[in-house]
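> show me the folded form of this:
(3 chains)
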Amino acid sequence: MSQKGLSGFFEEYLKKDAIFKDKKALQANYTPETIPHREKQIKEMAQILAPVLKTEKPSNLFLYGKTGTGKTLSTKYVSSQIEEMASKNEIPLKIIYVNCKLKKVADTEYRLMAHLAREFGKEIPVTGLPTDEIYNLFFESLDISNKILILILDEIDELVKKTGDRLLYNLTRINSELKISQLSLVGISNNLTFSESLDPRVKSSLSEEELVFPPYNAIQLQDILNQRAKKAFKQGRVAEGVISKCAAYAAREHGDARRALDLLRVAGEITERNNLQKVELDHIDEAEKRIERDRVLEIALSQPKQFQATLYSIIEVSSQKKTLIFAGEVYDTYKKICIQAGLRPLTQRRLSDIISELDMLGVINAKIISKGRYGRTREIKLAIPQHTQKEVKKIIEGGLDLS
DNA sequence: CGAGATTCATGTGAAGTATACCTTTAGGCTTAA
DNA sequence: AAGCCTAAAGGTATACTTCACATGAATCTCGTA
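Numbering: from 1, shown residues only, chains lettered A, B, ... in the order given. Have a look, this model is predicted:
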């Protein structure tokens, strides 16, 4: 597009009457005033946490539910309300929300504690200090702050799976060491059987209270979508049946509301980009593809080099062999790729772990199988649609500087 | 023919190593009295 | 003598390697019917 044409394009863009009224209403971090079908959980959560308003320590709380069942949203809603009330009445309260899954932020014991201490304004180096020291720094500043702290740990199951439950044990115990301040834990887990794997002591003190978030059904999803769509779109810009189709798609995947909202938002964006007046049914299918594509590309792009090389090898091998592929083959190809890219190849042991992590990320499906006489291995299958594979490959080629 | 032993290719846990970063400490140099 | 800077020493977290052992069904072996 020429320079002149561009200014014309922008003018055109501004003149065009948008189909969105307030697109934020469909974004993941948006908190509506009311959260349909979670009234019960929200009320209970409020009851459990309310004692802070009398400067008493609330019970520790544990939330279960699959992704997109409103755990995070409800928690944020309740905590913002409490915060507001607390500041109005000058109650010394602090709420910290941490997502334990974020790489390089809170995915190890050290990093989580460092993150918390930083919340209290401490300068903590990335590495080098003993973890105990970080605990002390955190306790100290918490105690000095003279506040009740509600610590919300999202996706806590991921963290415990990786680093064990010592962290939780320490956190549940620190109240006895604090003189002035108090700490309540709110754990959020996607895994329903998570607490089974905990040390009994941790389990009993962490789950003083428990709340379960069941999946939404299609009708509830429709309610949610309708509520948000009314805010987000201008009148009459969504074709008949679009909402229910989004709901149906998401209900198919264990009632994931986030997914439903994403679908609707992306469908809207597609409509807008194509200069169309109405969001039609077809746009949802297109949106579904695009969401999946974006997710995969995002993951591929954000991984460390070794992970990229591994993923690349998997794509490479599986495009040559139409059948299922095995870890050994991937390793052989991976070694070649490394040489091409000027990377020092990692050991098979490490690659095995990397493959597991890629599995966790959902870009591949790996299953351990025994081929009897012919040994034992992982059977790997790509979870990326064909056309996206090529894009992923290209991205990695760029990043890895392969020819 | 079938039960049990064998086998293969790799999964997996534990312990060790390299690297990058941290604090503490001791020595050397500078400065000011 | 006091103060400041620097480098070495001693410590840690993390990512990775090394070593050794675990796995589990297809295949083999061998006793038995």
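
> who's in contact with the closest residue in space to A:E44 that isn't next to it in sequence?
Distances taken as CB to CB, 6 or more residues apart in numbering place A:L211 nearest to A:E44, at 5.9 Å, with adjacent residues excluded. (Each C-beta comes from the backbone N, C-alpha and C, glycine too.) By CB atoms under 8 Å, 6 or more residues apart in numbering, A:L211 lies in contact with A:41, A:44-45, A:61-64.

> so what's the gap between the host helix or strand of A:L211 and the chain middle?
Assessed by DSSP states H and E, A:L211 sits inside strand A:209-213. Here the centre of strand A:209-213 is set off from its chain's centre by 20 Å, with CA atoms, centre = their mean, to the nearest Å.

> repeat for stretch A:376-386
Worked out by CA atoms, centre = their mean, stretch A:376-386 lies 23 Å from the chain centre.

> what residues does that stretch touch?
Applying CB under 8 Å, 6+ apart, the contact partners of stretch A:376-386 are A:289, A:292-293, A:296, A:314-315, A:318, A:324-328, A:330, A:352, A:355, A:362-371, A:389, A:392.

> residues from the stretch 51-200 of chain A in reach of DNA strand B?
Within reach of DNA strand B by CB under 7 Å from any atom of the strand, the stretch 51-200 of chain A has these residues: A:125-129.

> how about a cut-off of 10 Å?
A:123-130, A:133 (CB under 10 Å from any atom of the strand).

> and if you look at the stretch 201-350 of chain A?
Applying CB under 10 Å from any atom of the strand, we find that the stretch 201-350 of chain A lies next to DNA strand B at A:325-332, A:347-350.

> give me the below-cutoff pLDDT ranges for chain A.
In the predicted model, chain A carries pLDDT under 70 at residues A:1-5, A:15-17, A:403.

> domains of it?
Domain segmentation of chain A under automatic domain parsing yields A:39-213, A:216-299, A:303-400.

> would a markdown table of the ones you listed with distance to A:K24 be doable?
Shown next, in a markdown table, are these (distance: least, CB to CB, whole Å):
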| stretch | distance to A:K24 |
| --- | --- |
| domain A:39-213 | 14 |
| domain A:216-299 | 8 |
| domain A:303-400 | 27 |
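
> nearest spatial neighbour of A:N191, skipping sequence neighbours?
A:D157 (4.3 Å).

> make sure the one you found is indeed in a strand.
No. A:D157: not assigned to a strand; according to DSSP: H, G, I helix; E, B strand; the rest coil it is helix.

> list the residues that contact it.
A:189-191, A:194.

> in strands, which of these appear?
Applying DSSP state E to these, the entries found in strands are A:S189.

> from the contacts of A:D157, which two are the most distant?
Farthest apart among these by CB to CB are A:N190 and A:F194. That separation is 8.2 Å.

> follow-up on the earlier one: out of the contacts of stretch A:376-386, which are close to DNA strand C?
Among those, the residues within reach of DNA strand C (CB under 10 Å from any atom of the strand) are A:352, A:368-371.

> thinking again about what came up before, most neighbours among the contacts of A:D157, which one?
When the contacts of A:D157 are compared by neighbour count (other CB atoms under 10 Å), A:S189 ends up highest, at 23 neighbours.

> okay, and the beta partners of that one?
Following DSSP bridges, A:S189 is listed with bridge partners A:Y64.

> give me the contacts around stretch A:121-136.
A:109-110, A:113-114, A:117-118, A:137-138, A:141, A:170, A:174.

> centre-most residue in chain A?
A:K101 (6.9 Å; CA atoms, centre = their mean).

> for A:V98, which non-adjacent residue is closest in space?
In this structure, A:V98 finds its nearest non-sequential neighbour in A:A106, 5.2 Å apart by CB to CB, 6+ apart.

> ignore the last one, A:E155
Sequence neighbours aside, A:K101 is the residue nearest to A:E155 in space, at 4.3 Å (criterion: CB to CB, 6+ apart).

> you'd agree the one you found is up against A:K161?
No. Between A:K101 and A:K161 there is no contact under CB atoms under 8 Å: 10.5 Å.

> immediately after the helix or strand encompassing A:C246, which helix or strand?
Using DSSP H and E, A:C246 sits in helix A:242-252. Next in sequence after helix A:242-252, counting helices and strands by DSSP H and E, comes helix A:257-273.

> which residues sit against that following helix?
Residues contacting helix A:257-273 (CB under 8 Å, 6+ apart): A:18-20, A:23, A:26-28, A:67-70, A:216, A:221, A:224-225, A:228-229, A:232-233, A:237, A:242-243, A:246-247, A:249-250, A:253, A:277-280, A:283-284, A:286-288, A:290-291.

> and whatever helix or strand comes next after it, how far out from the chain middle?
On the C-terminal side of helix A:257-273, the closest following helix or strand by DSSP H and E is helix A:281-302. Centre-to-centre, helix A:281-302 and its host chain are 16 Å apart (CA atoms, centre = their mean).

> same check on stretch A:145-155?
Distance, centroid of stretch A:145-155 to centroid of chain: 20 Å (CA atoms, centre = their mean).

> sorry, back to before: let's see which of the residues of the stretch 51-200 of chain A next to DNA strand B end up in helices.
A:E133 (DSSP state H).

> which of the residues of the stretch 51-200 of chain A next to DNA strand B are close to DNA strand C?
Counting by CB under 10 Å from any atom of the strand, A:125-130, A:133 from these sit close to DNA strand C.

> just put these in TSV and tack on neighbour count.
Shown next, in TSV, are these (neighbours: other CB atoms under 10 Å):
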residue	neighbour count
A:P125	8
A:V126	9
A:T127	8
A:G128	8
A:L129	15
A:P130	9
A:E133	14
